[in-house]
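>>> Quick one: sequence and predicted model below, then my questions.
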Amino acid sequence: MSNEPGFLYVVATPIGNLEDFSIRARRILAEVDLIAAEDTRHSARLLSHYGILTPVTAFHEHNEHEKAQDLVNQLSHGKQLALISDAGTPLVSDPGYRLVRAAHIAGIRVIPVPGPCAAVAALSVSGLPSDRFAFEGFPPAKSTARRTWLEAMVNEPRTLIFYESPHRIVESLADMVSVFGETRDAVYARELTKQFETVRPASLGELARWVSQDSHQQLGEIVILVHGARADEEAARADAERIVRILLKSLPVSQAAAVAAELSGRKKNELYELALSLKKSPE
Ligand code: SAM
């Protein structure tokens, strides 16, 4: 090993189509001393497809903490190391943050080898505003936590990008409809770069119905993009909230929601949720 510290390469791999594997990524993976991979068996298939014989070590969310220090020690002693995840760009809803941080602290150079990322690929074909966007990753698994989490984004003007697992897609879309409203523009991007690639722009309400009625759409890997809140939408919501607050002074929650729905033209369900939360924490 050399006296000079090695470099840590953070290498993107394909999200489906094996041709999306850059020449540079392949060369670096073949040249480094060690590859840290999320799932060694999964990555072995990709590496063997390209005849890359570099040793691979497991680096995943369960061993990230202790393994990061071990890998930084190896880097400090001159080993060249590459980090990959199962697919796409490491650290994007994938392990690696602790390793990269520890490498910086140890004065090790960290070099990106960019490539596929499902969020960016989906955004690039979505037709939604792409000048500013917020990547939110996976929503919480439980519906109550998910709704609270989504509520915090209801006035976010940037395009929102979510990852979701096929097991929760129907419930998650239903929650997005109830929080962001039926009519909010959205895009469903599934199985990008693969055989059943689907990119469908529609309102959230339409997408939720379509996905819940067509079980094929509930399979594979999914990105959901949601148009950011528009200024007029924000104003309309604020107005509805003002109405609900006033009504709650003299009416029970469900009646306040019903009257507010008539006055504002918004959905009763949405206003019921709002009235409930206002009742719990009035300010
Ligand atoms: N690091 C990866 C990246 O750069 O996109 C993401 C890893 S995350 C654990 C896996 C999630 O990414 C999937 O559940 C899905 O939401 C999304 N994803 C990955 N590949 C995809 C694809 N080909 N099409 C659509 N979504 C994909």
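The structure has been received and is ready for your questions.
>>> What residue in this structure comes nearest to the ligand?
Here the chain gets closest to the ligand at one residue, residue 88, 2.4 Å apart by CB to the nearest ligand atom. For the C-beta atoms, the positions are set from N, CA and C on the backbone; glycine is no exception.
>>> residues of the longest helix along the chain that come out buried?
When the chain is parsed with DSSP state H, its longest helix is helix 231-248. Buried residues in helix 231-248, counted by 16 or more other CB atoms under 10 Å: 233, 237, 240, 241, 243, 244, 245, 247, 248.
>>> what two of those residues are the furthest from one another?
Across these, no pair lies farther apart than 233 and 248, at 22.4 Å, counting by CB to CB.
>>> Kindly report the residues of the protein close to the ligand.
Contact residues, the chain versus the ligand (CB under 6 Å from any ligand atom): 15-16, 85, 87-89, 92-94, 117-119, 163-165, 189-194, 221-223.
>>> what about 8 Å?
Counting by CB under 8 Å from any ligand atom, the chain comes close to the ligand at 12, 15-16, 85-94, 116-122, 138, 162-165, 189-194, 197, 220-223.
>>> Now list the buried members of these.
Using 16+ other CB under 10 Å, the buried ones in the residues of the chain next to the ligand are 12, 15-16, 85, 87-94, 116-122, 162-164, 189-193, 220-223.
>>> Give me the subset of those residues lying in strands.
162, 163, 164, 189, 190, 222, 223 (DSSP state E).
>>> and the closest residue to residue 270 other than its chain neighbours, how many residues sit next to it?
Counting by CB to CB, 6 or more residues apart in numbering, residue 270 lies nearest to residue 178, which is 6.2 Å off, once chain neighbours are set aside. Applying other CB atoms under 10 Å, we find 20 residues neighbouring residue 178.
>>> cool, residue 152 as well?
Residues lying near residue 152 (other CB under 10 Å) number 10.
>>> quick one, helices of the stretch 1-150 of the chain?
Assigned by DSSP state H, counting those that start in this stretch, the stretch 1-150 of the chain shows helices spanning 23-31, 40-49, 64-76, 97-105, 118-126, 143-151.
>>> Go through the ones you listed and pick out the most buried.
When the helices of the stretch 1-150 of the chain are scored by mean count of other CB atoms under 10 Å, the highest mean neighbour count falls to helix 118-126 (a mean of 19).
>>> what does that one contact?
15, 87-88, 92, 130, 133, 135, 159, 161, 163, 187, 189, 192-193, 199, 201, 221, 223, 225 (CB atoms under 8 Å, 6 or more residues apart in numbering).
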